[in-house]
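# fold the following and give me the result.
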Amino acid sequence: MPRRSALAVLPTLALALALALPLAAARAGGITVFAAASLKTALEDIATAFEAEGHGVVTLSFAGTSALARQIDAGAPAQVVISANPDWMDWLEDRGHLTPGTRRDLLGNALVLIAPGDAAEPLDLGAAPDLRARLDGGRLAMAFVDAVPAGIYGKAALTGLGLWESLSPHVAQFDNVRSALAAVALGEAPLGITYRTDAMAEPRVRIVATFPPDSHPPIIYPAATLGDDPDPQATAFLAFLFSAPARAILVAEGFDRVEN
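Numbers count the residues shown, from 1 in each chain. This is a model prediction of the structure:
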C-alpha cells in the first residue's frame, strides 16, 4: 500500500492537504507528522520502519517549515512536527503549540551548491565571477530567503562569503527546498542551493561546492509532539525518531547526528 504523504508546493494546496491528511490518519488509527520538505526521503523510510513494529499508520505532510508552522498555528491537526530551523520551532513554542518538555534536536545538515548532471564541474565559492559565469543568464534556485530555512541559511552563507549582493538579482525563489532541487534536476536552473541530503537523494544533480559551516547558522532540525495531551502513538513516534534504527536511516541519507 503506498504511503500517504504529500510535498506541498503551493500555500493554498499545502493548507488544504494539512487539514485533510490528518482526518485520513485518524480514520486509520494513526498519526499525522508535519515535517520539513528536506526530510521526505528519510522520513518515509522511518515511518515504514515504525509501522513495521506494529504501530499505527503514519501520514506524512511535507512543506517548507514556515508553511508548516503557519498551518499548525491556524489549527491543522498534526500530532508531531519536525522543523528545519530552531527559530520557527521557537515561534510554535511561544504560541503554546508544542507539548511541554518534548522538544529535542534531532539532526543536523550541510548546505551545498548543486548543478544538473553528474559531469558538472566543481566551483569556487570564493569567486563570484565564476558563479555568475556558470549561471550564464540563468537563475540560482533557492528556497524563499526570508521565510524557508534552506533559503535563510543560503542567503546567510552567500552574505557571509560576500556574494549575496552580486548574486541576489539572479536568484529564483521557491516555496521549499525540494522545489528548488527539482528546478536544478530538470535543468530549469543551472545552479541551486540545497541541503546536502537533498542533493544525495536526487541522482540528476551533483554537488559542486559545500558552504563552510561558519558561513551560516548551524542547520539543526528540532522535533516535538503537539498539544497538551499528545496521542500515545505520537509520543511513540517521537521516541522512535531517536532510536538506533531511525538514526541509521538518517545517517545513511547524509544527515549529521546531534547529541542531546
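
# for the protein, which segments count as strands?
In the chain, the strands defined using DSSP state E lie at 5-7, 31-36, 58-63, 80-82, 104-108, 111-116, 140-143, 171-174, 191-195, 205-210, 220-225, 256-257.

# between the ones you listed, which one is closest to Ala185.
strand 205-210 (5.3 Å; C-beta to C-beta). For the C-beta atoms, the positions are set from N, CA and C on the backbone; glycine is no exception.

# in this structure, which spans are helices?
Ranges of helices in the chain, per DSSP state H, are 11-27, 40-52, 65-73, 86-94, 128-135, 149-160, 164-167, 177-185, 196-201, 232-241, 244-252.

# and the angle for the fifth one with helix 149-160?
Same thing as helix 128-135. 140 degrees (axes from the mean of the first three to the mean of the last three C-alpha atoms, to 10 degrees).

# show me what helix 128-135 is packed against.
The helices and strands touching helix 128-135, judged by 3 or more C-beta pairs under 8 Å, 6 or more residues apart in numbering; DSSP states H and E, are helix 164-167, strand 191-195.

# show residues contacting the last one.
When you say that, I think you mean strand 191-195. Applying C-beta atoms under 8 Å, 6 or more residues apart in numbering, the contact partners of strand 191-195 are 38, 84, 109-115, 123, 131, 134-135, 138, 140-143, 150-151, 154, 157-158, 177, 180-181, 183-184, 205, 208, 211, 219.

# in PyMOL, select just the buried ones from those residues.
To isolate the buried ones among the contacts of strand 191-195 in PyMOL, judged by 16 or more other C-beta atoms under 10 Å, type:
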select buried, resi 38+84+109+110+111+112+113+114+115+123+131+134+135+140+141+142+143+150+151+154+157+158+177+180+181+183+184+205+208+211+219
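
# and the helices and strands packed on helix 128-135, which one's lowest on average pLDDT?
Ranked by mean pLDDT, the helices and strands packed on helix 128-135 end with helix 164-167 in last place, scoring a mean of 93.
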